[in-house]
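Undergrad: Model the following, please.
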Amino acid sequence: MKRFYFISTVIHLLLFLWLYSTDFFELVSKEEPVQNEHEISEKIKEEKEAEFEELIKKQIEVKEERIKQVKELIEKHKPELTEKQKENFSDVVTSSELDEEKINEITENYFGEDGNGLGGLQDELSDYLESDGSGTEEGESGDPGDGKSGSGEDDGDVQLDITYEGSDITHDMPEHTVQSEENKELLNRKLERLKVEEAIKVIDETELVYPNLSQKQAKYAILPEPPVESVDTFQRTQETEFKSLRIGLAPRMNKEFVPDGNLDEWELTQPMTPVKDFSDPEYSAKVYLAWDFDEIFLAAEITDPYPIREDAGEWWTTNSLEVWFDALNKKLYNNFDSGCFQFWFAPYSPYFGKALGKHNFFSRSIPFYVKQTKTGYIVEAVFKTDEELRYVEGLLGRVIGFHFFVNTSVKEKDGYEKRLFWITDKYLPGNVHTYTWTNPNSWGDVLLMGSTAEIHLTDKNYTEVYEHFGINELNRIVIQDADRNLDPDTRQYVKGFLRGKISGDMEEVIFAETENDSYKFVAVVLSEGSPAKQNDGILQTQSGEPIEIIYYDQYTPDGISRLVKKEVYTYYPVAVLSDEK
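TA: This is a model prediction of the structure:
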């Protein structure tokens, strides 16, 4: 009997151990499956993206409400202003927090000091800003000094990383109905821009002193947006106002124009090339246009294998370039109006002429240059929009009519000189024969585009370009962007960022225009080899660290606003040994 109990006990014990090992009774606590680092980082990234989208939504709502309130104040005191002027000024005032002194300064810059309703506007704007733009005094929404807003969110916890690479941000905004893919793209551009503005806003909450030439606080060095050329309407201009099948792009001239036959100042990425009516690969042309406040620039590279003959007769029967402008771009059929102009250039005896319309010759000589080369000739010229090209306003997004011929002294079988045309001179749609030079309706369109911003490090005389960022020394950074030169008679300011990719330090920097109408913006930034300290106006870094210089280029030759980044590496200044006495 004892043996039976012993065996039975052993069997029950083994059965219990087996059931426990298989967790039959669910006694063992279940653990969450371990996530790998990639899954964790993706989850955090998704959460941050969602938080940022929500932040952008709130920023849009707050921004629009503040602009609406300021516009009401302006309409009350300055009803004579245009709608665009009201929007422009409202955008400046609501872009960041301003004190009363800066409100008065900005207001006088916009409206002058004539006192016509200015005092009342300044007082009400000051009262508005003291209430934080919401109609309530500071401290009513949330306890003062607790670091929280009325919504209970901790402003100090907001951390933004402006590493936007151009990908779309998905969004669900009832107040911004997306009716088409075009509108969706425009809205995503608005979100991209607000992303930068929000980063600026967060940094502006701390009083900063910048060791740069402007010596201005970021919170009031706010640029007004260009009066007409907003990012949204700029894209629509390209899509809706073209009237022809030949389209050329004219970027803004981003450097000093010198008519010398050397095209170093030109952006040569989008030439206008002619239609060839015959096969001759050695006979070709590239024509470029660019623009500025009151000028339109022309450049042409002509490859002409045929002998240049000065005795061939009239200028249109020998080697020459003809160009036509339709400033009003009315596209008249076989007729000219007061906005139509023609000019010609010959490589053997530089001169110009005008044959269209009923205008007198101009009161000044057109600055131009014709230079013979081994393969042909180069033409450079500049036209004033208040003289030769009257009616053309130098505004970003403007479309003008344009056409060009390239002539030679060699005759074809039909007895006419061999020519290159931007628009064919043979037939129009419907098999109707015409000469395009007499018919502005057949000319092409040229869109006045933005320029490409350039970033570089330089010496104090702006004569030498550096490739490295010094530590424990002052670094001079230049941003060259003609599109931000909004007024030739006023010194402008723009914003940028510096970020150490290892130290993590990020500093906002104000760039001041070197002089009126220079379109070159400079900042002098001190760096030091020490641990990062955010937003102190000094870039803390270490030797060999890559530094990003970040700038928001609103208007570019392809019409898409984007962040421009230049990466440079740091170094410690060292003594250089030389054999020179």
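
Undergrad: So, low pLDDT: which residues of the stretch 301-450 of the chain?
TA: 309-315, 334, 348-367, 387-388, 390-396, 413-416, 424-435 (pLDDT under 70).

Undergrad: go again using 90 as the cut-off
TA: 303-379, 381-401, 405-450 (pLDDT under 90).

Undergrad: same check, this time on the stretch 451-581 of the chain
TA: 451-454, 459-474, 480-497, 499, 501-504, 506-520, 523-538, 542-544, 550-567, 569-581.

Undergrad: now the strands for it?
TA: 454-458, 465-466, 468-470, 474-480, 493-500, 506-513, 520-528, 539-540, 546-553, 562-571 (DSSP state E, counting those that start in this stretch).

Undergrad: What are the buried residues along the lengthiest strand in the chain?
TA: Under DSSP state E, the strand in the chain containing the largest number of residues is strand 399-411. Under the neighbour-count criterion of 16 or more other CB atoms under 10 Å, strand 399-411 has Val399, Ile400, Gly401, Phe402, His403, Phe404, Phe405, Val406, Asn407, Thr408, Ser409, Val410 buried. In short, each C-beta sits where N, CA and C put it, glycine included.

Undergrad: can you list the residues that contact the helix or strand that comes right after it?
TA: Next along the chain after strand 399-411, taking DSSP states H and E as the criterion, comes strand 417-421. For strand 417-421, the surrounding residues in contact (CB atoms under 8 Å, 6 or more residues apart in numbering) are 274-278, 280, 283-285, 306, 316-318, 404-412, 425, 436.

Undergrad: Run the angle between strand 417-421 and strand 399-411 for me.
TA: Going by axes from the mean of the first three to the mean of the last three CA atoms, to 10 degrees, strand 417-421 is angled at 160 degrees with respect to strand 399-411.

Undergrad: that older thread, quick one: list the elements packing against the longest strand of the chain.
TA: strand 284-291, strand 320-326, strand 417-421, strand 444-448 (3 or more CB pairs under 8 Å, 6 or more residues apart in numbering; DSSP states H and E).

Undergrad: Tell me which of the ones you listed sits most buried.
TA: strand 320-326 (a mean of 25; mean count of other CB atoms under 10 Å).

Undergrad: Quick one: the strands of the stretch 451-581 of the chain as JSON lines, columns for distance to Leu249 and mean neighbour count too.
TA: Formatted as JSON lines, the strands of the stretch 451-581 of the chain follow (distance: least, CB to CB, whole Å; neighbours: other CB atoms under 10 Å):
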{"stretch": "strand 454-458", "distance to Leu249": "18", "mean neighbour count": "18"}
{"stretch": "strand 465-466", "distance to Leu249": "28", "mean neighbour count": "12"}
{"stretch": "strand 468-470", "distance to Leu249": "34", "mean neighbour count": "18"}
{"stretch": "strand 474-480", "distance to Leu249": "20", "mean neighbour count": "20"}
{"stretch": "strand 493-500", "distance to Leu249": "24", "mean neighbour count": "21"}
{"stretch": "strand 506-513", "distance to Leu249": "26", "mean neighbour count": "22"}
{"stretch": "strand 520-528", "distance to Leu249": "24", "mean neighbour count": "21"}
{"stretch": "strand 539-540", "distance to Leu249": "37", "mean neighbour count": "22"}
{"stretch": "strand 546-553", "distance to Leu249": "16", "mean neighbour count": "21"}
{"stretch": "strand 562-571", "distance to Leu249": "17", "mean neighbour count": "17"}
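
Undergrad: can you redo those as a markdown table with distance to Ile7?
TA: Formatted as a markdown table, the strands of the stretch 451-581 of the chain follow (distance: least, CB to CB, whole Å):
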| stretch | distance to Ile7 |
| --- | --- |
| strand 454-458 | 88 |
| strand 465-466 | 91 |
| strand 468-470 | 84 |
| strand 474-480 | 89 |
| strand 493-500 | 76 |
| strand 506-513 | 77 |
| strand 520-528 | 83 |
| strand 539-540 | 78 |
| strand 546-553 | 76 |
| strand 562-571 | 80 |
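
Undergrad: what's the closest of the ones you listed to Thr375?
TA: strand 454-458 (29.6 Å; CB to CB).

Undergrad: Can I get that closest one in CSV, CA atoms only?
TA: Taking Å, rounded to 0.1, in the frame of the first residue of the first chain, the C-alpha atoms of strand 454-458 are listed here in CSV:
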residue,chain,number,x,y,z
GLU,A,454,23.3,81.3,-52.9
ILE,A,455,25.1,80.9,-49.5
HIS,A,456,28.8,81.2,-48.9
LEU,A,457,31.4,82.2,-46.3
THR,A,458,33.6,85.1,-47.1
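
Undergrad: ok, it: who's next to it in the sheet?
TA: strand 465-466 (antiparallel), strand 474-480 (antiparallel) (DSSP bridges).

Undergrad: Looking at these, which is nearest to Glu47?
TA: It's strand 474-480; of the strands paired with strand 454-458, that one is closest to Glu47 (CB to CB) at 34.4 Å.

Undergrad: ok, residues contacting that closest one?
TA: Residues contacting strand 474-480 (CB under 8 Å, 6+ apart): 211, 254-255, 453-460, 462, 469, 494, 496, 509, 511, 519-527, 549, 551.

Undergrad: what's the domain layout of this structure?
TA: 39-137, 253-448, 454-571 (automatic domain parsing).

Undergrad: if we can go back for a sec, I'd like the strands paired with strand 454-458 as CSV, with distance to Thr9 appended.
TA: Shown next, in CSV, are these (distance: least, CB to CB, whole Å):
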stretch, distance to Thr9
strand 465-466, 88
strand 474-480, 85
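
Undergrad: Report the contact partners of Glu548.
TA: Neighbours of Glu548 in contact, by CB under 8 Å, 6+ apart: Phe497, Leu498, Arg499, Lys501, Lys565, Lys566, Glu567.

Undergrad: Now the longest strand of the chain - C-alpha only, PDB.
TA: Written as PDB, here are the backbone C-alpha positions of strand 399-411 (Å, rounded to 0.1, in the frame of the first residue of the first chain):
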ATOM      1  CA  VAL A 399       4.200  87.200 -68.400                       C
ATOM      2  CA  ILE A 400       5.400  89.200 -71.400                       C
ATOM      3  CA  GLY A 401       5.400  88.300 -75.100                       C
ATOM      4  CA  PHE A 402       8.700  87.600 -76.800                       C
ATOM      5  CA  HIS A 403      10.200  86.400 -80.100                       C
ATOM      6  CA  PHE A 404      13.600  86.200 -81.700                       C
ATOM      7  CA  PHE A 405      15.300  85.600 -85.100                       C
ATOM      8  CA  VAL A 406      18.900  84.700 -85.900                       C
ATOM      9  CA  ASN A 407      19.900  85.800 -89.400                       C
ATOM     10  CA  THR A 408      22.800  84.900 -91.700                       C
ATOM     11  CA  SER A 409      24.100  86.200 -95.100                       C
ATOM     12  CA  VAL A 410      23.600  82.700 -96.700                       C
ATOM     13  CA  LYS A 411      20.600  82.300 -99.000                       C
END
